[in-house]
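Visitor: no sequence for this one, just the structure:
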């Protein structure tokens with residue numbers, strides 16, 4: 001009886017039968033290993049992180065370091081510790097600039113929110129004029145703030161400005177808007193309200209469009225009037241969009257500079273001197289004082305933001 005000798009099976013070069021074309025490492029030849037999901041995510045956000053670290057985090061750290069030095073950009077830097085903070089917190093000019101900034105912020109937030117909400121509610125209706133309202137209200141936002149400030153400075157001109165001319169048609173005397181200590185700051189705040197309310201109206205409009213119509217229909221069946229629906233439905237359900245608008249207005253108002261510098265340069269006297277204007281005027285004489293004021297402004301904004309976020313999370317829970 002002849003015994004057949006079993007020969008080993010032949011396989012293609014570089015592979016094994018069990019591996020299905022894979023080498024000893026378990027990988028298919030010619031294929032590169034893809035990065036994991038976490039690594040791919042970090043790689044995708046790496047450019048943005050570099051920009052944030054380079055243009056936000058680094059200047060912030062540098063300002064904190066400079067706030068402990070005395071430096072006028074020409075001579076050597078001298079370490080003075082917390083002396084700059086004591087100087088600005090004890091200076092009446094800085095306290096005035098902080099108070100002016102708070103007043104400007106209150107006027108801007110109140111005026112912009114009310115006007116933006118009214119505009120959003122008008123644009124939310126199914127009317128032929130809704131598209132026109134949306135377009136017109138956004139137009140001021142595309143105008144550079146410097147240009148807007150120059151235009152409004154001419155409008156406020158005491159002798160030949162358009163506003164006083166219109167007031168004179170009714171037999172009343174015009175005001176020296178930008179030269180009156182009591183009127184200058186509200187006059188500048190009006191420019192911010194006029195320029196920015198359209199953008200915030202779009203944010204609130206998005207919040208209004210997320211409210212289901214069925215809720216209003218049910219409220220109408222229950223004989224709830226327009227004011228009751230606005231107070232009990234619109235405002236509570238618009239709270240997330242309203243919180244976003246509040247934070248944006250808060251940051252923009254505290255950082256106000258362009259229109260103030262173009263229209264009044266902080267005057268008359270210190271009537272429109274804001275914190276950022278104070279920082280700008282001190283920057284060329286003492287970088288340390290300007291940096292200390294910047295750090296104080298950052299701490300104030302951070303504290304307000306954390307409180308607002310805490311309140312928002314508590315309301316949502």
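Guide: That came in fine, so what should we check first? Note that the coordinates shown come from a computational prediction; the quantities given were computed from them, not determined experimentally.

Visitor: switch to C-alpha atoms for all contacts and neighbour counts from now on
Guide: OK.

Visitor: which residues touch stretch 155-175?
Guide: Stretch 155-175 has contacts (Cα atoms under 8 Å, 6 or more residues apart in numbering) with 154, 176-178.

Visitor: same question, stretch 80-90
Guide: Under Cα under 8 Å, 6+ apart, the answer for stretch 80-90 is 67-70, 94-95, 288-289, 292-293.

Visitor: mind putting the residues you listed into CSV with pLDDT, neighbour count and distance to residue 271?
Guide: Converted to CSV, the contacts of stretch 80-90 look like this (pLDDT from 0 to 100; neighbours: other Cα atoms under 10 Å; distance: Cα to Cα, whole Å):
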residue, pLDDT, neighbour count, distance to residue 271
67, 91, 27, 26
68, 90, 22, 29
69, 89, 23, 29
70, 87, 21, 28
94, 93, 20, 12
95, 93, 15, 12
288, 92, 29, 25
289, 92, 27, 21
292, 93, 27, 22
293, 93, 25, 19
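
Visitor: sorry, back to before: pull out the buried residues from the contacts of stretch 155-175.
Guide: 177-178 (16 or more other Cα atoms under 10 Å).

Visitor: returning to what we had before: filter the contacts of stretch 80-90 down to the ones in helices?
Guide: Secondary structure from DSSP state H places 94-95, 288-289, 292-293 of the contacts of stretch 80-90 in helices.

Visitor: quick check: the farthest pair among those?
Guide: Using Cα to Cα, the pair of those lying farthest apart is 95 and 288, separated by 17.5 Å.

Visitor: thinking again about what came up before, among the ones in helices among the contacts of stretch 80-90, which one lies nearest to residue 116?
Guide: Closest approach between these and residue 116, by Cα to Cα: residue 95, at 30.9 Å.

Visitor: so what's that closest one up against?
Guide: 88-89.

Visitor: with residue 264 instead?
Guide: Residue 264 neighbours (Cα under 8 Å, 6+ apart): 178, 272.

Visitor: coming back round to it: so which of the contacts of stretch 155-175 sit within helices?
Guide: residue 154.

Visitor: buried ones in stretch 80-88, by neighbour count?
Guide: Within stretch 80-88, the residues scored as buried using 16+ other Cα under 10 Å are 83-85, 88.

Visitor: could you dump the contacts of stretch 155-175 to TSV with pLDDT and distance to residue 51?
Guide: Converted to TSV, these look like this (pLDDT from 0 to 100; distance: Cα to Cα, whole Å):
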residue	pLDDT	distance to residue 51
154	96	39
176	94	45
177	95	42
178	96	39
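
Visitor: could I get the contacts of stretch 155-175 as TSV with distance to residue 247?
Guide: Formatted as TSV, these follow (distance: Cα to Cα, whole Å):
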residue	distance to residue 247
154	31
176	33
177	29
178	28
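
Visitor: which single one of the contacts of stretch 155-175 is nearest to residue 219?
Guide: residue 177 (46.4 Å).

Visitor: right, and that closest one touches residue 189 too?
Guide: No: Residue 177 is beyond contact range of residue 189, at 11.8 Å (criterion: Cα atoms under 8 Å).

Visitor: ok so, going back, in CSV, list the buried residues of stretch 80-88 along with secondary structure, pLDDT and distance to residue 245.
Guide: Output for these, formatted as CSV (DSSP: H, G, I helix; E, B strand; the rest coil; pLDDT from 0 to 100; distance: Cα to Cα, whole Å):
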residue, secondary structure, pLDDT, distance to residue 245
83, helix, 91, 37
84, helix, 91, 34
85, helix, 92, 32
88, helix, 90, 31
